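> no sequence for this one, just the structure:
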Ligand SMILES: O=C(O)CCC(=O)C(=O)O
Ligand SMILES: [Fe+2]
């Protein structure tokens, strides 16, 4: 099944923040789509949540970051787990810049859920079915707040 046809690019600019401890660059979230490809400049700030800990994703020249998104977690019935991440406010004088490309399904009215090939009596579905249109509407009407989208569709 194809599910990567719709690609959306978002650019982020994080200016110098003189009091970074008082705010956030981007609050904690996981990306809703299938995969995200991200490039960042040399200024740090991106963090991923591993267990209860936030770990820095150190910028590496020429490297790209690939995030697993929520709908891949759902389609794989939790075989792949989407990554919760956030960006700290930027304490450096140079701005932080990142460019993300989100790979999403293009069939907005098609039903999505765990792939039937992965399910059996021993491995029941962990998520309900939904259209991608309904799913994205829910994403855009909520806060960027951790993994609430996967939690909403979990059975
Ligand atoms: O700026 C970044 O490094 C992350 C951006 C991000 O998480 C997003 O666009 O979903
Ligand atoms: Fe993100």
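Thanks, I have the structure now. This is a predicted model, so every value here is computed, not measured. Ligands and ions are numbered 1, 2, ... in the order given.

> now the residue nearest in space to the middle of the chain. Nearest residue, chain neighbours left out?
Of all residues in the chain, the one closest to the mean position by CA atoms, centre = their mean is residue 31, 1.8 Å from it. Closest residue in space to residue 31, ignoring its immediate chain neighbours: residue 69 at 4.2 Å, by CB to CB, 6 or more residues apart in numbering. Using the backbone N, CA and C atoms, a C-beta is placed for each residue, glycine as well.

> from ligand 1, how far off is that neighbour?
9 Å (CB to the nearest ligand atom, to the nearest Å).

> on that earlier part again, the residue nearest to the centre of the chain and residue 67 touch, don't they?
Yes: between residue 31 and residue 67 there is a contact under CB atoms under 8 Å: 5.4 Å.

> which neighbours do the two share?
residue 82 (CB atoms under 8 Å, 6 or more residues apart in numbering).

> let me see the ranges of the helices in this structure.
70-75, 132-140, 148-153 (DSSP state H).

> tell me the buried residues in the second one?
Which is helix 132-140. 132, 135, 136, 139 (16 or more other CB atoms under 10 Å).

> could you give the mean pLDDT of it?
The average pLDDT within helix 132-140 is 94.

> likewise the first one?
When the per-residue pLDDT values of helix 70-75 are averaged, the result is 97.

> for the residue nearest to residue 36 when sequence neighbours are not counted, give its distance to residue 30.
In this structure, residue 36 finds its nearest non-sequential neighbour in residue 67, 4.0 Å apart by CB to CB, 6+ apart. Distance from residue 67 to residue 30, counting by CB to CB, to the nearest Å: 8 Å.

> now do the shared contacts for the two.
Any residue near both residue 67 and residue 30 by CB under 8 Å, 6+ apart counts here, and that gives 82, 83, 85.

> among those, which are within reach of ligand 1?
Subset of these in contact with ligand 1: residue 85, counting by CB under 6 Å from any ligand atom.
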